[in-house]
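Q: here are the coordinates; sequence isn't available:
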């Protein structure tokens with residue numbers, strides 16, 4: 001296959017992407033790579049090695065590990081094999097501008113000849129990656145346009161999960177320059193300044209400082225125990241986070257509240273006897289990576305605490321900027337980090353995970369109070385879910401998280417928390433239909449077109465997503 005289209009779209013004197021002067025030598029086993037691309041529209045790039053190049057698809061929502069769940073995969077130009085290791089920033093003004101990270105990589109095996117399978121529009125294959133494994137299918141649809149549209153589908157095997165690509169996001173890029181700089185700064189500061197009154201330098205048991213700390217803890221413990229559902233036992237350390245369900249539309253009604261969906265890294269905070277530790281959603285220790293977050297939490301008036309939130313960098317409009325966050329983490333930019341906290345399952349030795357969410361959040365808001373900007377409370381709007389979702393899109397946010405106001409905090413996926421993301425859409429005209437086949441009634445597929453300068457331009461067919469009721473209503 002030619003890499004001419006890849007070369008045509010790029011100016012290699014201004015982009016760090018690998019050029020396409022030489023085709024890569026095939027490996028013993030064909031490789032695959034999935035890259036997370038924060039371009040104008042966040043998406044995953046799914047690439048399979050075949051015929052000395054990477055056959056490539058853009059997957060807007062990312063692969064789903066749920067059996068049979070279809071994910072749109074738009075065929076794009078072939079990429080050179082050297083692109084498999086590319087990660088970094090494509091500058092503004094260049095094709096695909098934005099941050100690229102390697103999400104997963106490994107080898108793949110196809111049932112039959114890969115090129116023949118791709119040409120036929122049906123590829124059955126197995127992935128041997130670190131995150132994505134097992135059997136998959138790529139099926140080309142009848143939808144026609146500038147680019148072929150496929151469906152990426154997980155096959156039924158032991159690697160199937162009730163998860164999607166975003167759920168497997170684990171760690172940020174290595175802290176690199178920023179980690180080195182912060183460690184040097186911390187070392188210099190420790191030599192020049194007296195020790196802070198924080199957990200690493202504990203106050204003596206009978207000292208006035210320790211007595212004040214215990215008194216503050218007692219006040220927060222009393223407030224927490226006054227809430228319905230609170231228990232007089234500390235919430236477990238190293239707790240697992242609550243995960244969201246997914247829907248296309250926001251729930252309505254007063255029993256729901258709605259928060260902004262922040263685009264960053266999930267961050268769990270655990271305070272034991274004043275000592276702060278930070279963890280990723282999957283349990284990686286991030287305490288040393290974000291000292292400003294640790295210090296901000298240390299200044300809170302409790303010595304036992306569990307927090308759940310998102311680590312972000314905010315732009316001037318107050319929106320989370322994932323590309324900016326990664327630049328801060330890898331040391332190529334300096335912007336303030338924000339830990340946006342949205343839940344608190346434990347405080348001052350009290351388990352409040354069974355306290356209704358609305359009361360839990362009220363206590364959290366009071367705790368954070370007017371603390372440094374590093375810590376931020378994730379505010380919410382109650383009721384009017386569809387209107388809140390629409391407003392979030394107009395304001396440029398990625399979506400919202402809707403939560404039941406009476407929900408407990410659970411260490412699993414729950415329908416009490418729902419993620420609703422904005423998707424890129426377009427409008428088409430129905431200009432005809434095909435006859436139904438087999439047991440299907442009504443029609444087979446709808447024929448779609450879009451207006452252009454010469455009238456209507458046919459773009460393809462849509463035949464999936466219609467149940468019997470919809471077929472009857474349309475015919």
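A: Thanks, I have the structure now. Fair warning: this is a prediction, and the values are worked out from it, not measured in the lab.
Q: my guess is residue 43 meets residue 57, correct?
A: No - contact criterion Cβ atoms under 8 Å: residue 43 and residue 57 do not qualify, at 9.8 Å. Backbone N, C-alpha and C define where each C-beta goes, glycine included.
Q: residue 314 and residue 381, how far apart?
A: 19 Å (Cβ to Cβ, to the nearest Å).
Q: likewise residue 105?
A: 41 Å.
Q: and what of residue 420?
A: 13 Å.
Q: before we move on, what about residue 283?
A: 32 Å.
Q: higher neighbour count, these two?
A: residue 381 (16 against 10; other Cβ atoms under 10 Å).
Q: next up, the contacts around that one.
A: 257, 258, 388 (Cβ atoms under 8 Å, 6 or more residues apart in numbering).
Q: is it true that the first one touches residue 380?
A: The reference is to residue 257. Yes - look at residue 257 against residue 380 with Cβ under 8 Å: they come within range, at 4.3 Å.
Q: who touches both of these two?
A: With Cβ under 8 Å, 6+ apart, residue 257 and residue 380 have common neighbours 361, 403.
Q: in this structure, which helix or strand is least confident?
A: Within the chain, no helix or strand scores below helix 176-192, which has a mean of 45 by mean pLDDT, DSSP states H and E.
Q: list the buried ones in stretch 328-336?
A: For stretch 328-336, the neighbour count (16 or more other Cβ atoms under 10 Å) marks 328, 329, 330, 331 as buried.
Q: try stretch 335-345
A: Here stretch 335-345 shows 337, 338, 339, 340, 341, 342, 343, 344, 345 as buried, counting by 16+ other Cβ under 10 Å.
Q: you'd agree the last one is up against residue 309?
A: Read that as residue 345. No - the criterion here is Cβ under 8 Å, and residue 345 misses it with residue 309 at 11.9 Å.
Q: what's in contact with the helix or strand containing residue 117?
A: Assigned by DSSP states H and E, residue 117 belongs to helix 114-120. Helix 114-120 has contacts (Cβ under 8 Å, 6+ apart) with 30, 48, 50, 51, 55, 110, 111, 123, 124, 125, 138.
Q: select only the buried ones of the residues you listed in PyMOL?
A: The PyMOL selection below is limited to those of the contacts of helix 114-120 classed as buried (16+ other Cβ under 10 Å):
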select buried, resi 30+48+50+55+110+123+124+125+138
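Q: farthest-separated two in the contacts of helix 114-120?
A: Using Cβ to Cβ, the contacts of helix 114-120 span at most 18.1 Å, a distance reached by 51 and 124.
Q: tell me the strands beside the helix or strand hosting residue 431, with direction?
A: Assigned by DSSP H and E, residue 431 falls within strand 429-433. Looking at strand 429-433 with DSSP bridges, its partner strands are strand 446-452 (antiparallel).
Q: phi, psi of the residue nearest the centre of the chain?
A: The residue lying closest to the centre of the chain (Cα atoms, centre = their mean) is residue 166, at 4.4 Å. Main-chain dihedrals, residue 166, degrees, to the nearest 10: phi -60, psi -30.
Q: and for residue 125?
A: Per degrees, to the nearest 10, the backbone of residue 125 is at phi -150, psi 170.
Q: please name the nearest non-neighbouring residue to it.
A: Among residues not flanking residue 125 along the chain, residue 110 sits closest, at 4.6 Å (Cβ to Cβ, 6 or more residues apart in numbering).
Q: residue 124 is in contact with the one you found, correct?
A: Yes - contact status for residue 110 versus residue 124: in contact at 7.1 Å, counting by Cβ under 8 Å.
Q: break the protein down into its domains, please.
A: 4-168, 209-421, 429-474 (automatic domain parsing).
Q: output the ones you listed as JSON lines; include the columns mean pLDDT.
A: Below are these laid out as JSON lines (pLDDT from 0 to 100):
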{"stretch": "domain 4-168", "mean pLDDT": "89"}
{"stretch": "domain 209-421", "mean pLDDT": "92"}
{"stretch": "domain 429-474", "mean pLDDT": "69"}
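Q: roughly how far does residue 228 sit from residue 358?
A: For residue 228, the distance to residue 358 - Cβ to Cβ - is 11 Å.
Q: next one: residue 42
A: 31 Å.
Q: show me which of these two is the more surrounded one.
A: residue 42 (19 against 16).
Q: quick check, that one in contact with residue 398.
A: Yes - the criterion here is Cβ under 8 Å, and residue 42 meets it with residue 398 at 7.5 Å.
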